[in-house]
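Enquirer: Generate coordinates for the sequence data below:
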Amino acid sequence: MSRKGTFAKRRVFYNNDGMVNIIMNTNRIVSIEDIEEFLKGSDNLEFEINSRKEKYELISNTLVKIHYRQLGKKNKKKVKKYLILLTGYSSKQLKRLINLWKSGRLLANLNSPSNRNTFPCKYGPTEIELLAKADKNLHYPNGYALKENLEREFNIFKKEEYSIISQISVSHIYNIRKKSSQYKSLTMHYTKTNPTNIPIGQRKKPYPDGKPGYLRVDSVHQGDFNGVKGVYHINMVDEVTQWEIVGCVPQITEEFMEPLLKELIKQFPFKIINFHSDNGAEYINYSVSEILDSLIIKQTKSRSRRSNDNALVESKNGAVIRKFIGRNHIAKRFAKAINDFYYKYFNVFLNYHRVCSFSTDYVNKRGKIRKKYDTYLTPYDKLKSLKNPEQYLKEGITFAELDKIAYAESDIEFGRKIREAKKELFRKFKI
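Expert: Numbering: from 1, shown residues only. Below is the predicted model:
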């Protein structure tokens, strides 16, 4: 490891990590060539100088011997690299020290007393502990009230241990609260979060077992504009037949949701057995619960970390509402016009004229149940295809009446009709 003529004295040893440490005398490094030679052999070496005085003297002696002021930019970089390697200083710190050397203040600063203002520590660990104890027992009052309490402890109740802390200023109380690690460790406490259980709806996935009447419900927001909320679409889809009823409200509050939910449920031709939603407050509330109880409809809600529990209606949100209405902001004042469009045209189109795909379950070679989407029917045709479908209809509704709605116009004719109605609706948005 020796190099000719570079160091007068050198001791080499290994530390615990196997790194090589060198304690050396750098008196013979007097030129840029010596520094270049040193840097070539410095790979994987660690140089330790622990004393600040030794580091400052090394910097000063090197800069003097090397004639630093007369060097070019390229050679100055080499000197800096050499000094960073030996002292462990950062590039910015070394630059600051070199500027001090240029002004003749590097070694003078080392030997002169510090000019920094220092203050005696008045409130030590004992006082901070008393402050923390007072804060905890008094339930963390404001600074003025706490100072008054500390003074009362000393002046009225004659507790000598509070003689110093009672003199603390209000501003310093807040300083200690914010910055003192001792104070924080004494006052920090953890409380286990207690989950709030709302006793509305059962958290489970519904299993319709081939029967219609199991609704999946969700809300679709029609965007914000300059901080103003748009309308909300309420989407209800039957799990078995994919019968879909959509409504619109300006806000998802009880004032608007209660009458709309009653109206949307009324539009289904078959009996409703189950009402399933996510855990949104627009559905999980006592108002909705009372409506469903009065209609003898069971309410369920999605389970945590089970994203597929309400997947059917969420897919319809994109494939139906977003596709037909879009994603642009629609102001709240148009909610009634949109709801009328849904009632007169859109819901009829979705259930009697729009074809949906239905799956057939099968078991693969690994024994897993898979779905094959091989059946295409309108929701109305799917309802009629069920075994003994009349048993599911509401009282007073017959398939003869429903046929009149389904076959009054062809799918394409009704599609043209709804397209014209949609154009008229969207013209109102531009007014």
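Enquirer: Can you give me the domain boundaries for this structure?
Expert: Domain ranges of the chain: 10-111, 125-187, 202-429, per automatic domain parsing.
Enquirer: Which of these comes out lowest on mean pLDDT?
Expert: The minimum mean pLDDT among the domains of the chain belongs to domain 10-111 (a mean of 77).
Enquirer: And the strands in this protein?
Expert: Assigned by DSSP state E, the chain shows strands spanning 10-14, 20-24, 45-47, 202-203, 214-221, 224-225, 228-229, 232-238, 244-249, 274-277, 298-301, 356-363, 369-377.
Enquirer: Could you check how far the residue positioned nearest the centre of the chain is from P206?
Expert: For the chain, the residue lying nearest the average C-alpha position, counting by Cα atoms, centre = their mean, turns out to be R305 (16.3 Å). To P206, R305 is 18 Å away according to Cβ to Cβ, to the nearest Å. Every residue, glycine included, has its C-beta placed from N, CA and C.
Enquirer: and what of Y362?
Expert: 22 Å.
Enquirer: So which of the two has more stuff around it?
Expert: Legend: neighbour count by other Cβ atoms under 10 Å for Y362 and P206, higher for P206 (18 against 10).
Enquirer: I'd guessed the more buried one sits against I272; true?
Expert: No: in this structure P206 lies outside contact range of I272 using Cβ atoms under 8 Å: 11.7 Å.
Enquirer: Would you mind listing the buried residues in stretch 139-151?
Expert: Within stretch 139-151, the residues that qualify as buried are 143, 146-147, 149-150, counting by 16 or more other Cβ atoms under 10 Å.
Enquirer: Return the member of those residues nearest to A400.
Expert: Closest approach between the buried residues of stretch 139-151 and A400, by Cβ to Cβ: G143, at 80.1 Å.
Enquirer: count of neighbours near the nearest residue to Y68 once chain neighbours are set aside?
Expert: Leaving aside its sequence neighbours, Y68 sits nearest to V79 (Cβ to Cβ, 6 or more residues apart in numbering; 6.2 Å). Neighbour count for V79, taken as other Cβ under 10 Å: 19.
Enquirer: List the contacts of V79.
Expert: Applying Cβ atoms under 8 Å, 6 or more residues apart in numbering to V79 gives the contacts 32, 35, 62-63, 66, 68, 71.
Enquirer: Please export the C-alpha coordinates of the lengthiest helix in the chain as PDB.
Expert: Ranked by number of residues, the top helix in the chain under DSSP state H is helix 411-429. What follows is helix 411-429, C-alpha atoms only, in PDB (Å, rounded to 0.1, in the frame of the first residue of the first chain):
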ATOM      1  CA  ASP A 411     -86.300  -1.200 -30.300                       C
ATOM      2  CA  ILE A 412     -84.900   1.000 -33.100                       C
ATOM      3  CA  GLU A 413     -88.000   3.200 -33.300                       C
ATOM      4  CA  PHE A 414     -87.900   3.800 -29.600                       C
ATOM      5  CA  GLY A 415     -84.200   4.400 -29.700                       C
ATOM      6  CA  ARG A 416     -84.800   7.200 -32.200                       C
ATOM      7  CA  LYS A 417     -87.500   8.600 -30.000                       C
ATOM      8  CA  ILE A 418     -85.200   8.600 -26.900                       C
ATOM      9  CA  ARG A 419     -82.400  10.200 -28.900                       C
ATOM     10  CA  GLU A 420     -84.700  13.100 -29.900                       C
ATOM     11  CA  ALA A 421     -85.800  13.500 -26.300                       C
ATOM     12  CA  LYS A 422     -82.200  13.500 -25.100                       C
ATOM     13  CA  LYS A 423     -81.300  16.200 -27.600                       C
ATOM     14  CA  GLU A 424     -84.100  18.300 -26.300                       C
ATOM     15  CA  LEU A 425     -83.000  17.700 -22.700                       C
ATOM     16  CA  PHE A 426     -79.400  18.700 -23.400                       C
ATOM     17  CA  ARG A 427     -80.600  21.900 -25.200                       C
ATOM     18  CA  LYS A 428     -82.000  23.000 -21.800                       C
ATOM     19  CA  PHE A 429     -78.500  22.600 -20.200                       C
END
